[in-house]
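Asks: No letters, just coordinates:
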Ligand code: FRU
């Protein structure tokens, strides 16, 4: 087990801020060194949001999994990120894996998976912890010492939720068998601890070999189970990443352990770099943060050579409408807006519109298609480009990153219905791009690593004159980190 010196690591983080590498983002959570992944322990307590996330402070490999911690009141000003939880005993010596957080008696508590591997055998224990004054997590009792009968060592990422005044948690799992199968289990809190209610039944059938990072959410009278299945085949218009992050919405019956009348599995995001998201539930809002990265795809991220990897998404607010989750950037992010320019072009515009973006930008745009059947929005970085193209006839949006030199490339396609107006809200950070379409009906997040240090140009082109293009472009400020 490595030695983790919180003091030394924290001062190294403080010295690494503000960031100097030009691929470092301005309004996305990142670390100056090491590898980050899943958001963890999202908790609102005493006026502050606590965000933890997976972090290897010692290198850019998927090992030494610790939890980092930041606090924020407004998603714009943050405390300095610090080391909060790290491997220290025989239970979590091979990693403090993902888990959730909750507020209890004025304290922030966490609930995480301890990973221990001995002679190739994993013993996953689920343990509680309590955030201390100094920013570290005190490790408390282990509530589940190992995976239950019928479940392999892949048993992790507990997420607490409430129903009928009781506490439950849902946890990612792999059912043992000739062909291992992804699933989730639910546990219920009782007087003598946590009772395993077993697998939650769904109608998904054969749906991958492992489900990671589940969240159980409640929207009015509907429930949504978010999870990350591994082992699904790519299809023409979805499941195109190596692993997925998505959900089914329906009605959770804890009596029959069934997700009743649920929708099909839908992805939360159609970009290249989105996985292992987690949701805060606070004052009726569901606020999601995702990891902008993908397990087993480290080769696609050239920042590895610079000693840091990956980002978290901006916070998004989720709503469920007719079985579909809409996601929109949290309203707090409007505080990042500095100055705006109007984009007002009417009917006889030529077939091309172009605008130079800032170092960090937000673009709001409504495109009334008129006679155009194909419209392209291109982020141009000198000779490199990333293209969003929408085909109105087939109702397919394509994101094409093959025009970039560094990092992951490829194409992603998804179906999206547009009647007359294509609506887009686009956040363009130094490397991170987050797009929200049709007022949050669909989202796409990904990273680009332009070779040249230049501000991108946004070009809109179409196969016939567009009826109108209206919108605004804002220059966005950076997140602020204060002790
Ligand atoms: C998802 C995941 C989780 C695990 C964590 C370890 O990216 O594999 O299942 O807890 O990462 O870092």
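Replies: Looks like it came in fine. As the structure is a prediction and not an experimental result, all values here were calculated from the model.
Asks: Need the residues that contact stretch 372-383.
Replies: 357, 365, 367, 369, 385-393, 404, 422, 424, 426, 428, 433, 448, 450-452, 454, 456-467 (CB atoms under 8 Å, 6 or more residues apart in numbering). The way it works is simple: take the backbone N, C-alpha and C, and place the C-beta from them, glycine included.
Asks: Next step: those restricted to helices.
Replies: The helices, defined by DSSP state H, take in nothing from those.
Asks: Can you name the element that comes right after the helix or strand containing residue 36?
Replies: Assigned by DSSP states H and E, residue 36 belongs to strand 34-45. Next helix or strand after strand 34-45 toward the C-terminus (DSSP H and E): strand 48-56.
Asks: Briefly note if that next one comes near the ligand.
Replies: Yes: contact of strand 48-56 with the ligand (CB under 6 Å from any ligand atom) involves residue 54.
Asks: Would you mind pulling the contact partners of the very next helix or strand once past that strand?
Replies: Going down the chain from strand 48-56, the next helix or strand is strand 66-72, by DSSP H and E. For strand 66-72, the surrounding residues in contact (CB under 8 Å, 6+ apart) are 4, 29, 31, 36, 40-41, 48-57, 78-87, 96, 110, 112, 131, 135, 137.
Asks: ChimeraX command to pick out the buried ones of the residues you listed?
Replies: Applying 16 or more other CB atoms under 10 Å to these, the buried members can be selected in ChimeraX as follows:
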select :4,29,31,36,40,41,49,50,51,52,53,54,55,56,57,78,79,80,81,82,83,84,85,86,87,96,110,112,131,135,137
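Asks: ok, the host helix or strand of residue 363: who's next to it in the sheet?
Replies: Taking DSSP H and E as the definition, residue 363 sits inside strand 361-368. Strand pairing for strand 361-368, determined by DSSP bridges: strand 421-428 (antiparallel), strand 468-476 (antiparallel).
Asks: tell me the contacts of residue 92?
Replies: With contact set as CB under 8 Å, 6+ apart, residue 92 has these partners: 114-116, 125, 127, 139.
Asks: scratch that, residue 245 is what I was asking about
Replies: For residue 245, the contacting residues are 213, 226-228, 267-269, 274-277, 290, by CB under 8 Å, 6+ apart.
Asks: Let me know the closest of those residues to the ligand.
Replies: For the contacts of residue 245, the minimum distance to the ligand (CB to the nearest ligand atom) is 4.0 Å, reached by residue 276.
Asks: Leaving out chain neighbours, which residue sits closest to that closest one?
Replies: residue 38 (3.8 Å; CB to CB, 6 or more residues apart in numbering).
Asks: Okay, that neighbour and residue 275: tell me how far apart.
Replies: Between residue 38 and residue 275 the computed distance is 8 Å (CB to CB, to the nearest Å).
Asks: which residues are common contacts for those two?
Replies: Shared contacts of residue 38 and residue 275, counting by CB under 8 Å, 6+ apart, come down to residue 291.
Asks: what sits against the closest residue to residue 400 other than its chain neighbours?
Replies: When the adjacent residues along the chain are set aside, residue 400 lies closest to residue 387, with 4.5 Å between them (CB to CB, 6+ apart). Residues near residue 387 by CB under 8 Å, 6+ apart: 376-379, 398-400, 403.
Asks: would you turn those into TSV with distance to residue 249 and pLDDT?
Replies: Output for the contacts of residue 387, formatted as TSV (distance: CB to CB, whole Å; pLDDT from 0 to 100):
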residue	distance to residue 249	pLDDT
376	33	97
377	30	97
378	34	97
379	32	97
398	26	98
399	25	98
400	30	98
403	36	98
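Asks: want to try a markdown table for those, with distance to the ligand as columns?
Replies: Shown next, in a markdown table, are the contacts of residue 387 (distance: CB to the nearest ligand atom, whole Å):
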| residue | distance to the ligand |
| --- | --- |
| 376 | 33 |
| 377 | 30 |
| 378 | 31 |
| 379 | 27 |
| 398 | 27 |
| 399 | 22 |
| 400 | 26 |
| 403 | 29 |
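Asks: Of those residues, which belong to strands?
Replies: Counting by DSSP state E, the contacts of residue 387 place 376-379, 398-400 in strands.
Asks: Any of the contacts of stretch 372-383 buried? List them.
Replies: Here, 16+ other CB under 10 Å leaves 357, 365, 367, 369, 385-392, 404, 422, 424, 426, 428, 433, 448, 450, 456, 458-462, 466-467 buried among these.
Asks: residue boundaries of the helices in the chain?
Replies: Assigned by DSSP H, the chain shows helices spanning 6-15.
Asks: Can you pull the domain assignment for it?
Replies: The record's domain parsing of the chain by automatic domain parsing lists 6-331, 339-475.
Asks: if you average pLDDT over each of the ones you listed, which comes out lowest?
Replies: Set side by side, the domains of the chain differ in mean pLDDT, and domain 339-475 is lowest with a mean of 93.
Asks: The ligand contacts on the stretch 101-250 of the chain?
Replies: Near the ligand, when you scan the stretch 101-250 of the chain using CB under 6 Å from any ligand atom, you find 113, 156-157, 212-213.
Asks: most surrounded residue in those residues?
Replies: Neighbour counts for those peak at residue 157, which has 30 neighbours (criterion: other CB atoms under 10 Å).
Asks: Any idea how many residues pack against residue 32?
Replies: Residue 32 has 19 neighbours, counted by other CB under 10 Å.
Asks: Enumerate every residue touching residue 158.
Replies: Taking CB under 8 Å, 6+ apart, we find residue 158 in contact with 99-100, 111-113, 126, 169-171, 187.
Asks: any idea which of those is closest to the ligand?
Replies: Here the nearest of the contacts of residue 158 to the ligand, counting by CB to the nearest ligand atom, is residue 113; it sits at 5.7 Å.
Asks: Give the bridge partners for the closest residue to residue 471 other than its chain neighbours, please.
Replies: Spatial nearest neighbour of residue 471, excluding adjacent residues (CB to CB, 6+ apart): residue 365 at 3.6 Å. Counting by DSSP bridges, residue 365 forms beta bridges with residue 424, residue 471.
Asks: Need the distance between the two termini of stretch 247-258.
Replies: 15 Å (CA to CA, to the nearest Å).
Asks: which of the residues in that stretch are buried?
Replies: 247-250, 252, 258.
Asks: next one: that stretch to chain centre, how far?
Replies: 23 Å (CA atoms, centre = their mean, to the nearest Å).
Asks: same check, this time on stretch 97-113
Replies: 19 Å.
Asks: what's the first-to-last distance across it?
Replies: Start-to-end span of stretch 97-113 (CA to CA) is 5 Å.
Asks: Likewise for stretch 52-62?
Replies: Using CA to CA, the end-to-end distance of stretch 52-62 comes to 17 Å.
Asks: repeat for stretch 65-83
Replies: Stretch 65-83: ends 11 Å apart by CA to CA.
Asks: Quickly check: that stretch near the ligand or not.
Replies: Yes: judged by CB under 6 Å from any ligand atom, stretch 65-83 comes into contact with the ligand through residue 65.
Asks: Can you name the residue of the stretch 301-450 of the chain nearest to the ligand?
Replies: Proximity of the stretch 301-450 of the chain to the ligand (CB to the nearest ligand atom) peaks at residue 310, 10.4 Å away.
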